[in-house]
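Trainee: build me a structure from this.
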Amino acid sequence: MPYTGCMETLARHDLRHGDGRWLFVYGEHDGQQPPQDAPGVALPALHLRHDALTGQWVAISPARNQRPQSRPSLADTAPSCPLCPGGPELPFGYEAAVFENRFPTLLAAPPEAPALAGATRASHGRCEVVLYTPTHEGSLATLTSQELARVIAIWVDRSQALWEVPEHRYVLVFENRGEDVGATLSHPHGQIYALDHLPGMARIRLVALAAHRTVTETCLSCAVVQQDLDAADRTIAENPSFTVAVPFAPNWPFEVHVRARRHGARRLPDLTLEERADLARALRTVVRTYDRLYPDGPVAYMMVCQQAPADDTAEPSADWHLSFDFLPPNRSPDKLKVRASVETAAGFFINDTLPETSAAQLAAVSMAAQGASDAPVPDVEVIPVSHMAGSDITR
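Mentor: This is a model prediction of the structure:
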């Protein structure tokens with residue numbers, strides 16, 4: 001799937017639901033508006049609580065229990081799916097879209113936090129849903145090259161907008177695929193969260209990067225990239241811009257990281273056009289590999305895009321390399337890895353597979369997955385074509 005320099009503009013139409021939520025329609029749009037009489041979901045209990053023993057903020061979001069669910073369907077469309085064309089989120093046809101989650105954990109203008117015995121704060125941030133395609137069935141592995149390039153362009157577009165909000169410290173693009181990781185809708189989609197604080201794992205990584213820089217005056221992420229490049233027994237696929245490998249110390253049996261090689265590629269908007277095309281190829285290869293790993297069907301996974309968070313000076317962390325981390329729960333065709341007591345309570349993970357053995361199994365499947373013929377990946381540039389007067393879509 002080489003980069004050819006073929007340029008495509010992707011129109012973005014900025015709309016609002018009647019309940020005030022933003023809706024961004026990408027591609028062709030016939031001018032129809034989302035419902036203007038939709039009632040908003042009441043979120044009176046939405047807030048954050050501070051865990052004094054860990055220093056972490058915990059989100060309290062009871063409205064999430066109202067989320068819809070749809071079982072996987074063999075049909076091309078599912079009338080019961082709220083993400084298909086004609087559903088409550090997009091009552092018209094679309095090519096790709098992003099909308100603010102109807103059942104959010106974070107809001108640009110959240111309700112005030114309750115005054116309780118412990119520390120609380122309002123749930124500031126954003127929760128967005130990214131629709132990859134109008135087709136009800138499929139995945140990142142089955143999107144056309146054009147569709148996949150559009151998804152990456154949309155990730156870049158929304159990440160850039162969310163990073164421009166000064167209060168946002170952390171922007172996480174992610175996808176939960178499959179019921180085994182809690183996905184409630186089968187329609188191909190992902191999500192984006194923007195937080196006004198650093199979550200625990202991001203803070204731990206920043207501390208590690210800073211400590212390595214202090215001692216060695218070098219970039220720890222560059223060292224990890226080189227470690228992966230030198231480890232042929234953990235490599236899943238070759239890629240000019242990214243390492244595609246099982247990490248040296250994975251928490252999950254078939255964990256794979258797609259990590260930017262170039263120092264300075266810290267966030268999605270930092271990627272060159274060639275790197276975007278290489279990212280498309282890498283993501284497709286990994287998902288196709290998971291789809292073919294077991295004969296009974298695709299493996300569920302969590303995919304998280306690790307972009308450089310804003311440090312204490314509000315700048316992106318200099319030594320952070322962009323990565324897409326795939327975390328599938330399977331340890332065999334019929335067995336899931338369950339985070340037990342020592343892992344959940346102590347954070348001490350136990351991987352009951354040898355990483356090099358898992359990598360060899362994945363690499364063998366990956367060779368077949370890469371054999372499929374794909375059209376070249378176009379360069380896609382998002383162009384706003386309609387904008388509501390007096391609005392600020394980043395907030």
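Trainee: burial check on residue 160, number of neighbours?
Mentor: As a burial measure, residue 160 scores 15 neighbours (other C-beta atoms under 10 Å). All C-beta spots, glycine's among them, are computed from the backbone N, C-alpha and C.
Trainee: go on, residue 168?
Mentor: Applying other C-beta under 10 Å, we find 24 residues neighbouring residue 168.
Trainee: model confidence score at the closest residue to it other than its chain neighbours, please.
Mentor: Counting by C-beta to C-beta, 6 or more residues apart in numbering, residue 168 lies nearest to residue 194, which is 4.6 Å off, once chain neighbours are set aside. Looking at residue 194, its pLDDT is 98.
Trainee: now what about the strand or helix carrying residue 194, what contacts it?
Mentor: Using DSSP states H and E, residue 194 sits in strand 189-195. By C-beta atoms under 8 Å, 6 or more residues apart in numbering, the residues outside strand 189-195 that reach it are 83, 98, 101, 105-106, 125-132, 155, 158-159, 162, 165, 168-176, 303.
Trainee: go through this protein and flag its longest helix.
Mentor: Looking across the chain with DSSP state H, the single longest helix is helix 273-293.
Trainee: return it as PDB; C-alpha atoms alone will do.
Mentor: Output of helix 273-293 as PDB, limited to C-alpha atoms (Å, rounded to 0.1, in the frame of the first residue of the first chain):
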ATOM      1  CA  LEU A 273       2.200  12.400   4.200                       C
ATOM      2  CA  GLU A 274       4.500   9.400   3.700                       C
ATOM      3  CA  GLU A 275       4.200   8.500   7.400                       C
ATOM      4  CA  ARG A 276       0.400   8.600   7.300                       C
ATOM      5  CA  ALA A 277       0.400   6.100   4.400                       C
ATOM      6  CA  ASP A 278       2.800   3.900   6.300                       C
ATOM      7  CA  LEU A 279       0.600   4.100   9.400                       C
ATOM      8  CA  ALA A 280      -2.400   3.000   7.300                       C
ATOM      9  CA  ARG A 281      -0.400   0.000   6.100                       C
ATOM     10  CA  ALA A 282       0.800  -0.900   9.600                       C
ATOM     11  CA  LEU A 283      -2.700  -0.700  11.100                       C
ATOM     12  CA  ARG A 284      -4.300  -2.700   8.400                       C
ATOM     13  CA  THR A 285      -1.600  -5.400   8.700                       C
ATOM     14  CA  VAL A 286      -2.100  -5.700  12.500                       C
ATOM     15  CA  VAL A 287      -5.900  -5.900  12.300                       C
ATOM     16  CA  ARG A 288      -5.800  -8.400   9.400                       C
ATOM     17  CA  THR A 289      -3.300 -10.500  11.500                       C
ATOM     18  CA  TYR A 290      -5.700 -10.500  14.400                       C
ATOM     19  CA  ASP A 291      -8.600 -11.400  12.100                       C
ATOM     20  CA  ARG A 292      -6.700 -14.500  10.900                       C
ATOM     21  CA  LEU A 293      -5.000 -15.500  14.100                       C
END
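Trainee: what's the angle between the helix or strand following it and strand 189-195?
Mentor: Downstream of helix 273-293, the next assigned helix or strand under DSSP H and E is strand 301-306. Strand 301-306 and strand 189-195 are oriented at 40 degrees to each other (axes from the mean of the first three to the mean of the last three C-alpha atoms, to 10 degrees).
Trainee: how far out from the middle of the chain is strand 301-306?
Mentor: Remark: strand 301-306 is offset 5 Å from the chain centroid, using C-alpha atoms, centre = their mean, to the nearest Å.
Trainee: for it, which strands pair with it and how are they oriented?
Mentor: strand 170-177 (antiparallel), strand 323-327 (antiparallel) (DSSP bridges).
Trainee: re earlier: dump the C-alpha coordinates for the strand holding residue 194 into PDB.
Mentor: The C-alpha trace of strand 189-195 is given here as PDB (Å, rounded to 0.1, in the frame of the first residue of the first chain):
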ATOM      1  CA  HIS A 189     -16.100   3.100  15.000                       C
ATOM      2  CA  GLY A 190     -13.600   4.400  17.500                       C
ATOM      3  CA  GLN A 191     -13.600   7.200  20.100                       C
ATOM      4  CA  ILE A 192     -11.500  10.200  21.200                       C
ATOM      5  CA  TYR A 193     -11.200  11.500  24.800                       C
ATOM      6  CA  ALA A 194      -9.600  14.800  25.700                       C
ATOM      7  CA  LEU A 195      -8.700  15.200  29.400                       C
END
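Trainee: show me how far that strand is from its chain's centre.
Mentor: Strand 189-195 sits 6 Å away from the centroid of its parent chain (C-alpha atoms, centre = their mean).
Trainee: buried stuff in whichever helix or strand comes after that strand?
Mentor: Following strand 189-195 in sequence order, the next helix or strand is helix 200-216 (DSSP H and E). Residues of helix 200-216 classed as buried under the neighbour-count rule (16 or more other C-beta atoms under 10 Å) are 202-203, 205-206, 209, 212.
Trainee: between the residues you listed, which is closest to residue 181?
Mentor: Set against residue 181, the nearest of the buried residues of helix 200-216 by C-beta to C-beta is residue 202 (20.3 Å).
Trainee: the closest one against residue 170, yeah?
Mentor: Yes - using C-beta atoms under 8 Å, residue 202 makes contact with residue 170 at a distance of 5.7 Å.
Trainee: what residues are shared contacts of the two?
Mentor: residue 309.
Trainee: excluding its backbone neighbours, what's nearest residue 294?
Mentor: Among residues not flanking residue 294 along the chain, residue 333 sits closest, at 4.3 Å (C-beta to C-beta, 6+ apart).
Trainee: now tabulate the buried residues of helix 200-216 in a markdown table and tack on distance to residue 342.
Mentor: Output for the buried residues of helix 200-216, formatted as a markdown table (distance: C-beta to C-beta, whole Å):
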| residue | distance to residue 342 |
| --- | --- |
| 202 | 23 |
| 203 | 22 |
| 205 | 22 |
| 206 | 25 |
| 209 | 27 |
| 212 | 27 |
